[in-house]
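>>> what shape does this take:
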Amino acid sequence: MSSSSSIDAHLRVLFRSTLLFGIACGISIALSSLHLNAIGFSMGKIGYLAIFFGAGVVLSALPAGYLIRRVSAKWTLVCSLFLYSTTVIAFPILKSFEAIAAVRFLDGIFTAGVWVGSETILLMRAEPGRKAYLTTLYAIWLSSGYVAGPLLSMGIVYVAPMYAAFIVSGGFAIASGLFSLILLPRDEAPDQLPSAKRAEGDHAEASDSQA
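Below you'll find the model as predicted:
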């Protein structure tokens, strides 16, 4: 039951989308400080900008949950991916501290939207007893992107200007959004999800064994 063939098909889509998003993040993270240093930002200011990203994540985490209930996990994920791509592409264009801080703040908001949307879909579709296993797989796909992204960024900046790497990063985020938009289904009713059906089956088996 732990083989990849037994994993819900929609979770396999989610994992691949997560890899693309991880690559986008990996490229951006690897080059952001280098870019800021190249345009004259001090180490202190670069550190302050990280605070704006963290603030965006913290302040948007709870509203993201509300948005999922109002819209859906899929649309929260897809919209967050597309909006995240705009912040990555816009980042190297901006020059002032205030503008970059605003983009970093939005980056944090949309990143949190991706995380919450992805993990909500994961937990909704994961069968009882396999949530830890599937969450581990999710983390592996995401962290693999974080590893591949910086490696890819080194190749890009070797043959092209640094700005091109941010465009590629945004392209990966857009690809992740399109992948999720096209291949992920709409959120299903809770009682129709694999997790609910498996739980119902386990409850029925337990009742039969007690009879």
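>>> residues contacting the closest residue to residue 152 other than its chain neighbours?
Spatial nearest neighbour of residue 152, excluding adjacent residues (CB to CB, 6 or more residues apart in numbering): residue 27 at 6.1 Å. To be clear about C-beta, it is placed using only N, CA and C from the backbone, and glycine gets the same treatment. Residue 27 sits next to 149, 150, 152, 153, 156, 165, 166, 168, 169, 172 when contact means CB atoms under 8 Å, 6 or more residues apart in numbering.
>>> do residue 28 as well
Residue 28 neighbours (CB under 8 Å, 6+ apart): 88, 91, 149, 166, 169.
>>> filter the residues you listed down to the ones in strands?
The members of the contacts of residue 28 all map outside strands under DSSP state E.
>>> now the two most distant members of the residues you listed.
91 and 149 (14.7 Å; CB to CB).
>>> from residue 45, how far off is the most centrally placed residue in the chain?
In the chain, the residue lying closest to the centroid (CA atoms, centre = their mean) is residue 114, at 4.0 Å. Separation of residue 114 from residue 45 (CB to CB, to the nearest Å): 26 Å.
>>> one more: residue 128?
In terms of CB to CB, residue 128 sits 48 Å off from residue 45.
>>> pretty sure residue 20 contacts residue 176?
Yes. When contacts are counted by CB atoms under 8 Å, residue 20 is listed as touching residue 176 (3.7 Å).
>>> neighbour count for those two, which is higher?
Ranked by neighbour count (other CB atoms under 10 Å), residue 20 and residue 176 place residue 176 first, with 28 against 23.
>>> contact partners for that one?
Per CB under 8 Å, 6+ apart, neighbours of residue 176: 17, 18, 20, 21, 24, 81.
>>> which SS state does residue 129 fall under?
Three-state call for residue 129 (DSSP: H, G, I helix; E, B strand; the rest coil): coil.
>>> that one: how many residues sit nearby?
12.
>>> next: the one 10 residues further on.
Using other CB under 10 Å, residue 139 has 11 other residues around it.
>>> kindly report the same for residue 79.
Neighbours of residue 79 using other CB under 10 Å come to 18.
>>> element containing it?
Following DSSP states H and E, one finds residue 79 within helix 73-90.
>>> residue ranges in this protein under the pLDDT threshold?
Confidence mapping of the chain against pLDDT under 70 gives the ranges 1-5, 188-211.
>>> so the residue nearest to the centre of the chain touches residue 84, yeah?
Yes. Residue 114 lies in contact with residue 84 (CB under 8 Å); the separation is 6.3 Å.
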